[in-house]
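**Q** Here is my input; please provide its structure:
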Amino acid sequence: MTEFLETYNLTGLAIGACTFLIIGLFHPIVIKCHYRFGTGCWWWFLVIGAACCAGALAVTNIFWSTLLGVTAFSSFWTIGEIFQQQKRVDRGWFPRNPRHEKK
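**A** From the prediction side, this is the model:
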């Protein structure tokens, strides 16, 4: 696949499209993870980010290395977004999970 992208000079466009999809995918993941697990799931994204960083360093293909890097830093960004989501829930902008009610 990467040969095709390189042959037709499409690597940059493919990376851009995949980056757009990765970032777009993380938005609902933040909402769903916070709703189900609260802020305690932040460390999952730390582990995913670290694993993707290691993968980006290990992979020699620029296309896949770049996508792993984008995924890594999207995961790191998600850690902050999990805590921001808590503030959005506290403001009433998103529904609160009744199983996580503060007592």
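
**Q** alpha carbons only for contacts and neighbour counts from here, please
**A** Will do.

**Q** Can you report how many residues lie near the nearest residue to Phe94 once chain neighbours are set aside?
**A** Nearest non-adjacent residue to Phe94, counting by CA to CA, 6 or more residues apart in numbering: Arg88, 6.3 Å away. Look at Arg88: counted by other CA atoms under 10 Å, it has 15 neighbours.

**Q** Now name the helix or strand holding Arg88.
**A** Per DSSP states H and E, Arg88 falls inside helix 62-90.

**Q** Show me what that helix is packed against.
**A** In terms of contacts (3 or more CA pairs under 8 Å, 6 or more residues apart in numbering; DSSP states H and E), helix 62-90 is packed against helix 11-37, helix 42-58.

**Q** Low-confidence ranges, the chain, go.
**A** When residues are selected by pLDDT under 70, those of the chain lie in 101-103.

**Q** let's see 80
**A** Along the chain, segments meeting pLDDT under 80 span 1-2, 100-103.

**Q** in stretch 75-84, what counts as buried?
**A** Using 16 or more other CA atoms under 10 Å as the test for burial, stretch 75-84 gives Ser75, Phe76, Trp77, Thr78, Ile79, Glu81, Ile82, Phe83.

**Q** So for Thr19, what's the nearest residue that isn't a sequence neighbour?
**A** That would be Val70: by CA to CA, 6+ apart, it lies 6.5 Å from Thr19.

**Q** how far away is the residue lying closest to Ile22 once chain neighbours are set aside from Met1?
**A** Excluding the flanking residues, the one nearest Ile22 by CA to CA, 6+ apart is Thr71, at 6.7 Å. According to CA to CA, to the nearest Å, Thr71 stands 20 Å off from Met1.
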